[in-house]
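> Sequence and predicted structure below; questions after.
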Amino acid sequence: MKTGLPRSTQSCKILFGLSPLIVALLLSSTSCARDRGAYVRVNQLGYELGSPMLAYLMAASSQPQAKFHVRNSDGETSYSATVGPKLGTWGNYMVYMLNFALPAPGTYTITVTGATQPATSPAFRVDSPAKLYSAALANTLSFYQNQRDGPDYILSPLRTAPAHLNDQRATVYKTPEFGGREGSRIKGDLVPTGTVIDASGGWWDAGDYLKFVGTHSTALALMLIGVRDFPDQMGASSPTSNYTKEAKFGLDWLNKMWDDTSRTLYYQVGIGSWNWHYENDHSVWRLAQEDDTYHGTDPRYRYIRNRPVFIAAPAGAKISPNLAGRLSGDFALCSMVYRTGDKAYANQCLLAAEHIFDLAATAPTGDLLTAAPHDFYPEADWRDDLEFGATELYFATRQGDLPNGLPHGDPDFYLQAAAKWADAYMHSKEDKLDWSFVDHLALFELWRAIGVARDRKGLAVSQSDLLNDLRAKLENAAAQADKNPFGSSYSVDRGEYTFQAARFSAMASEYDYMTNSNTFARYATQWLATILGANSWGSTFIVGAGSTFPHCLHHQVANLVGSHDGQPPILAGAMVGGPNANLESGAPSGVKPCPTDETDAFSKFDGNEERYRDSTKFYSTIEPAIDYTSSSLLMFAWRAGGRPSDAMLAIAGEPH
């Protein structure tokens, strides 16, 4: 949407629904006016009643006598104190701590006065966790609904038509060979296998229209865990964000990509790599519903109109263990979540889960299978995936009235396997901080599984081993956070800043539940806050959260149909990559410029080699994706629910 307004002014238009006083305070804040050298950074989604409340002052000069005042929506002062100690420097700014406590729910702002010109924060809420995070979970559900591919789309301001109906009869191809300077050019034409399958449905991976079993299975794992363990927040008991149908939609696509009759896995739909002789998904910018007839019969666009499906291995062959672990875990969760409402579907899922687990290649060589090319998603480890799959199969096989023909009807078979892979993962040499989406989830689930086990003899790990491993990871993350002025736990040169913050926040909640303590409670809320505005840029990295959030997504639908100023329609709930050491950029022709005047509101807040841009062309910082958006689900569910439901444990028996 072209407004002709400067970028800083556009950011301040997100004021609808606020009281006149709050509007006045926001318009007077340094985020909406010229640079005055001081900024207040807060968790814009809000603060939990009864939890520590921490904000930050960024100032270009020292602040020895400064004070801050927290005012409610009536302008009354609710809290005042002297600005806290200096936490460090960030770029051209010094960062100071603002600790405060508010006992009553409401909407507040923070103003700093004293040694510098006044600086006022965006407005923020204080409320119970259940109320604070309900909208965030509902927004994330709408993100997945807007990412739907195939005929079963959901009408919305962003989606007005189904997409990729030709996927219903998609030709299967062998995985192509890649070469070129960056290893991303496809050599020659694609080679068909002679098979045609229905590959319709599923979620688009990110801002493009590709579909990967790898990232899809990750997102679905976290979604299904949320439905099962947090029914009041993500399941049937939630009035605003029931993910049960959406998770079923995701499972339906995986059931198409896995042929249980022939034991064949297909792992990707579409290509995003270039070739001199045909166009690919990443070379054109368009709406998804255009693809089925894109450029008529022009052969250069043949793989846009009729998207290729890639086969993982011949029928009955071994499956890359990362995919085998996550898929078997997803299908095992399916058998638990849907057993009451659709027993036949649940049984189908459980059979698929066991068949896939048995086909895992447990001594892989070379690159793990992730995507074509592998560099799109370069996963390194896989043992945690098998730990996850085995643990969920343990719980699933402890249910009563299981289907006939299961390869392994004894739950202890899977408990032993889960413990073995947990031990192998803990002693592997792979970097546990990189690209691990289910490691903490697998550990937490196995800890619970051992707790309900009737026979723990001979297990390769104990509950104490798992606790010690989780604590070591969290202590390492906490040590890094203590060195960072804003409490970040992860170096952005690894990428995936937002996913890692959400991952560590959920890990901290899991650990405190496991130990019945609040050992890492402060860090859990701190890491959540870094995603939600309590950072140097003063922006949240989730669309629709807070008053300053991403406007210029590297996302075709959001760019072509959505607004560019933060007002509806927006891709609410989408979590972008966020700060990155590498500002990778690029986009094909057809992109609507955003921001329209190419202004940059955020580079002056870069520091410590961390950079963030809210510009469509910077896909490394502003592209959303289904896998790291899913990491926010458990983060929000843990905060809102406090603890998981005992529904799953009721299936397996009470913990010892």
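The structure has been received and is ready for your questions. Numbers count the residues shown, from 1 in each chain.
> give me the low-pLDDT residue ranges for this structure?
1-36, 181-182, 430-436, 491-495, 651-656 (pLDDT under 70).
> Tell me how far stretch 230-245 lies from the chain's centre.
18 Å (C-alpha atoms, centre = their mean, to the nearest Å).
> What residues sit buried inside it?
Buried residues in stretch 230-245, defined by neighbour count with 16 or more other C-beta atoms under 10 Å: 230-231, 233-235, 238, 241-244. Where C-beta positions appear, they are placed from N, C-alpha and C, glycine not excepted.
> and if you look at stretch 139-152?
Buried residues in stretch 139-152, defined by neighbour count with 16+ other C-beta under 10 Å: 139-150.
> With secondary structure and distance to Leu220 added, can I get the residues you listed in TSV?
Listed next are these as TSV, based on DSSP: H, G, I helix; E, B strand; the rest coil; distance: C-beta to C-beta, whole Å:
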residue	secondary structure	distance to Leu220
Asn139	helix	19
Thr140	helix	14
Leu141	helix	14
Ser142	helix	17
Phe143	helix	14
Tyr144	helix	10
Gln145	helix	14
Asn146	helix	17
Gln147	coil	12
Arg148	strand	13
Asp149	coil	14
Gly150	strand	16
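> got those as TSV, with distance to Ala529 columns?
Output for the buried residues of stretch 139-152, formatted as TSV (distance: C-beta to C-beta, whole Å):
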residue	distance to Ala529
Asn139	18
Thr140	18
Leu141	22
Ser142	23
Phe143	21
Tyr144	24
Gln145	27
Asn146	26
Gln147	26
Arg148	31
Asp149	34
Gly150	37
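> wait, which of those is closest to Phe357?
Tyr144 (26.1 Å; C-beta to C-beta).
> all helices for the stretch 201-350 of the chain, in order.
For the stretch 201-350 of the chain, the helices defined by DSSP state H, counting those that start in this stretch occupy 213-229, 231-234, 244-257, 302-305, 321-337, 343-358.
> from those helices, which stretch is densest packed?
Mean neighbour count (mean count of other C-beta atoms under 10 Å) peaks for helix 321-337 among the helices of the stretch 201-350 of the chain, with a mean of 29.
> Who are the packing partners of that helix?
If contacts are counted by 3 or more C-beta pairs under 8 Å, 6 or more residues apart in numbering; DSSP states H and E, helix 321-337 sits against helix 213-229, helix 244-257, strand 264-269, helix 343-358, helix 383-397.
> And the protein, what are its domain boundaries?
The chain breaks down into these domains under automatic domain parsing: 7-127, 209-268+310-461+646-656.
> OK, contacts around the nearest residue to Asn582 once chain neighbours are set aside?
Among residues not flanking Asn582 along the chain, Ser620 sits closest, at 5.9 Å (C-beta to C-beta, 6 or more residues apart in numbering). By C-beta atoms under 8 Å, 6 or more residues apart in numbering, Ser620 lies in contact with 495, 577, 580, 582-585.
> Just to be sure, Ser620 is in a strand?
No - using DSSP: H, G, I helix; E, B strand; the rest coil, the secondary structure at Ser620 is helix, not a strand.
> do you know how far it is from Asp375?
14 Å (C-beta to C-beta, to the nearest Å).
> rewinding a little: mind giving me JSON lines with the helices of the stretch 201-350 of the chain and columns for distance to Asn92?
JSON lines is the format used below for these (distance: least, C-beta to C-beta, whole Å):
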{"stretch": "helix 213-229", "distance to Asn92": "37"}
{"stretch": "helix 231-234", "distance to Asn92": "41"}
{"stretch": "helix 244-257", "distance to Asn92": "44"}
{"stretch": "helix 302-305", "distance to Asn92": "46"}
{"stretch": "helix 321-337", "distance to Asn92": "43"}
{"stretch": "helix 343-358", "distance to Asn92": "53"}
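> Could you check these and tell me which one is nearest Asp384?
Per C-beta to C-beta, nearest to Asp384 of those: helix 321-337, 7.6 Å.
> could you give the angle of the closest one to helix 244-257?
130 degrees (axes from the mean of the first three to the mean of the last three C-alpha atoms, to 10 degrees).
> now the angle between helix 383-397 and helix 321-337, please.
20 degrees.
> just the CA coordinates of helix 321-337, formatted as PDB?
Taking Å, rounded to 0.1, in the frame of the first residue of the first chain, the C-alpha atoms of helix 321-337 are listed here in PDB:
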ATOM      1  CA  PRO A 321      16.900 -40.900   9.900                       C
ATOM      2  CA  ASN A 322      16.100 -37.200  10.500                       C
ATOM      3  CA  LEU A 323      12.900 -37.500   8.400                       C
ATOM      4  CA  ALA A 324      12.100 -41.000   9.700                       C
ATOM      5  CA  GLY A 325      12.300 -39.800  13.300                       C
ATOM      6  CA  ARG A 326      10.100 -36.800  12.800                       C
ATOM      7  CA  LEU A 327       7.600 -38.500  10.600                       C
ATOM      8  CA  SER A 328       7.200 -41.500  13.000                       C
ATOM      9  CA  GLY A 329       6.800 -39.100  15.900                       C
ATOM     10  CA  ASP A 330       4.200 -37.100  14.000                       C
ATOM     11  CA  PHE A 331       2.200 -40.200  13.000                       C
ATOM     12  CA  ALA A 332       2.400 -41.500  16.600                       C
ATOM     13  CA  LEU A 333       1.100 -38.200  17.900                       C
ATOM     14  CA  CYS A 334      -1.700 -38.500  15.300                       C
ATOM     15  CA  SER A 335      -2.700 -41.800  16.800                       C
ATOM     16  CA  MET A 336      -3.000 -40.200  20.200                       C
ATOM     17  CA  VAL A 337      -4.700 -36.900  19.300                       C
END
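> I am finished for the moment; much appreciated.
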